[in-house]
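In: Return atomic coordinates for the entry below.
(chains A, B, C and D)
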There are 2 protein chains.
Amino acid sequence: MDEDRIDFVFKALAHPERRRILAFLHRQGEQSLFEICAFSHADGGQPLARQTVTQHLDMLERAGLIEISWKGRTKAHSVNLGPLREAIARAVGTYL
Amino acid sequence: MDEDRIDFVFKALAHPERRRILAFLHRQGEQSLFEICAFSHADGGQPLARQTVTQHLDMLERAGLIEISWKGRTKAHSVNLGPLREAIARAVGTYL
DNA sequence: AAGTTATGCAGTAAAATTACTGCATGTCAA
DNA sequence: TTGACATGCAGTAATTTTACTGCATAACTT
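Out: Next up, the predicted model:
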């Protein structure tokens, strides 16, 4: 993994709402934007505008941590843990 | 570890220069601010003002990733990997 | 004591992030 | 086909981050 991608992964993890969303997708599997918004509102999260959630999802996607597939008019988001594992492996190899 | 501290750790790791400094301290052991600045200038790093390096070190310290001890007028920085291990353990426990 | 060295503190500017609103577009369902 | 639904796109404002400059302070050295 190149350093740019590593950087995107750490930046993506640097916001609590994005970590919450990532954990949610990991528990629930594929979820649409609306479902993610609903979760974001409930479960202790401060209510964010749908477009704001989209921005967070964009950063997760840029890091390769989520993947998108379209089903008609709904966008399905699923977690890809590969980049997270690689980032952790890098950290472990460097520091531990 | 509380969520705030976790958040500081991920935020601290979200800048490549801070990860470089952390790896440097881990290799070299205790280093002064000036030594860290010298490393920052050399070794491919873009030259940053001393005060800018201090700001990065402040964020690493806020996360508990480095610790300070004064020897006369020089400030000795050393790595503390505890919070990094806890953050990784949290990530592993949550996602993997 | 005076000069040099290592660092701190305050203020500022540019850039990135975070969050918003308003409007547009494509898709499904009645 | 028309209306509701799921999402995109553009523009903006507030906040945070990043990096800077200038000056101040405290500690060694000579």
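In: Tally up the residues packed near the closest residue to chain B within chain A, please.
Out: For chain A, the residue closest to chain B is A:Ala14, as judged by Cβ to the nearest Cβ, at 3.8 Å. C-beta here means a position set from N, CA and C on the backbone, and glycine is covered the same way. Neighbour count of A:Ala14, defined by other Cβ atoms under 10 Å in any protein chain shown: 19.
In: In chain A, what residue spans correspond to strands?
Out: Along chain A, counting by DSSP state E, strands occupy A:31-32, A:66-71, A:74-79.
In: Now that we have those, can you turn them into CSV and tack on mean pLDDT?
Out: Formatted as CSV, these follow (pLDDT from 0 to 100):
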stretch, mean pLDDT
strand A:31-32, 98
strand A:66-71, 98
strand A:74-79, 98
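In: Looking at chain A, what residue ends up closest to DNA strand C?
Out: Going by Cβ to the nearest atom of the strand, DNA strand C is nearest to A:Gly72 of chain A, at 1.9 Å.
In: number of nearby residues for that residue?
Out: Residues contacting A:Gly72 under the criterion other Cβ under 10 Å number 5.
In: And for the one 3 residues further on?
Out: Residues contacting A:Lys75 under the criterion other Cβ under 10 Å number 16.
In: Surely it and A:Phe34 touch.
Out: No - using Cβ atoms under 8 Å as the test, A:Lys75 is too far from A:Phe34 to be in contact (9.2 Å).
In: which parts of chain A sit against chain B?
Out: For chain A, the contact set with chain B under Cβ under 8 Å from any Cβ of the partner chain comprises A:3, A:7, A:10-11, A:13-14, A:16, A:19, A:22-23, A:26, A:79, A:81, A:84-85, A:88, A:91-92, A:94-96.
In: Quick one: the helices in chain A, in order.
Out: A:3-13, A:16-28, A:33-41, A:50-62, A:82-95 (DSSP state H).
In: For chain A, what lies in contact range of DNA strand D?
Out: Applying Cβ under 7 Å from any atom of the strand, we find that chain A lies next to DNA strand D at A:Ser32, A:Leu33, A:Phe34, A:Arg50, A:Gln51, A:Thr54, A:Arg73, A:Thr74, A:Lys75.
In: Now for the fourth one: which residues touch it?
Out: The neighbourhood of A:Arg50, defined by Cβ atoms under 8 Å, 6 or more residues apart in numbering or on different chains, consists of A:Leu33, A:Phe34, A:Cys37.
In: Against A:Leu60, how distant is it?
Out: 15 Å (Cβ to Cβ, to the nearest Å).
In: Over to the third one?
Out: With the distance defined as Cβ to Cβ, A:Phe34 ends up 17 Å from A:Leu60.
In: Quick check: ChimeraX command selecting the buried ones in the contacts of A:Arg50.
Out: Those of the contacts of A:Arg50 that count as buried under 16 or more other Cβ atoms under 10 Å in any protein chain shown are selected in ChimeraX with:
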select /A:33,37
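In: quick one: which of the contacts of A:Arg50 is nearest to B:Gly45?
Out: A:Leu33 (39.5 Å; Cβ to Cβ).
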